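**Student:** Quick check, what structure comes out for this input:
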Amino acid sequence: MLVDNYNVLCNNYNLKPNKMKRILLSFNTSNINSSTGKEQRNYFLIAGSLLKITNNLAFKPTTLIKYMVGAPVQADLTASFVIVNKFLLGAMLRTGNAVGGLLGFDISEQFHLGYSYETSYSIKTFKSNQGSHELALRYNFVFHNKNQISFPRNF
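**Tutor:** Numbering: from 1, shown residues only. Okay, the predicted model is just below:
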């Protein structure tokens, strides 16, 4: 992660329509009655910023808004802090049903290790779902050298 001498280091906005195959299954007690596949257009709006607080601390708010026909709009809001350009500590809220926390560590310029935990806050789903853990290892294929201009991947 890169923090330089500017207050706003990076802003990112992205609207991405995407087609996904939605499979609808109908069940009865003896067998599957029908199975149909239909493409549905999904929309994702991604926005984020990296704001310098001090030389060793930056604030990184991000959001992901998802829309699919026939489903309610859902938003993921994340607030995290980048510490010493190496560590990430944050919290997230998913509208309607989830809260969580996340940790990250830049092992090197190429590798990032991340962990997140998410749990439901809805009374209906909390009884059957006590949360999920996610472990991620990211590899950055961009190699930094003097002849190449690269933009830091923050989002």
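**Student:** ok, which stretches of this protein are strands?
**Tutor:** 8-27, 32-54, 57-68, 74-83, 87-94, 98-106, 111-120, 132-139 (DSSP state E).
**Student:** Tell me how many other residues crowd residue 121.
**Tutor:** 12 (other CB atoms under 10 Å). C-beta coordinates here come from the backbone N, C-alpha and C atoms, glycine included.
**Student:** Quickly list what the nearest residue to it once chain neighbours are set aside is bridged to.
**Tutor:** Distances taken as CB to CB, 6 or more residues apart in numbering put residue 99 closest to residue 121, at 5.5 Å, once the chain neighbours are dropped. Per DSSP bridges, the residues bridged to residue 99 are residue 93, residue 119.
**Student:** swap in residue 67?
**Tutor:** Beta-bridge partners of residue 67, as defined by DSSP bridges: residue 43.
**Student:** For it, list the residues it contacts.
**Tutor:** 42-44, 73-74 (CB atoms under 8 Å, 6 or more residues apart in numbering).
**Student:** Now the buried members of those residues.
**Tutor:** residue 42 (16 or more other CB atoms under 10 Å).
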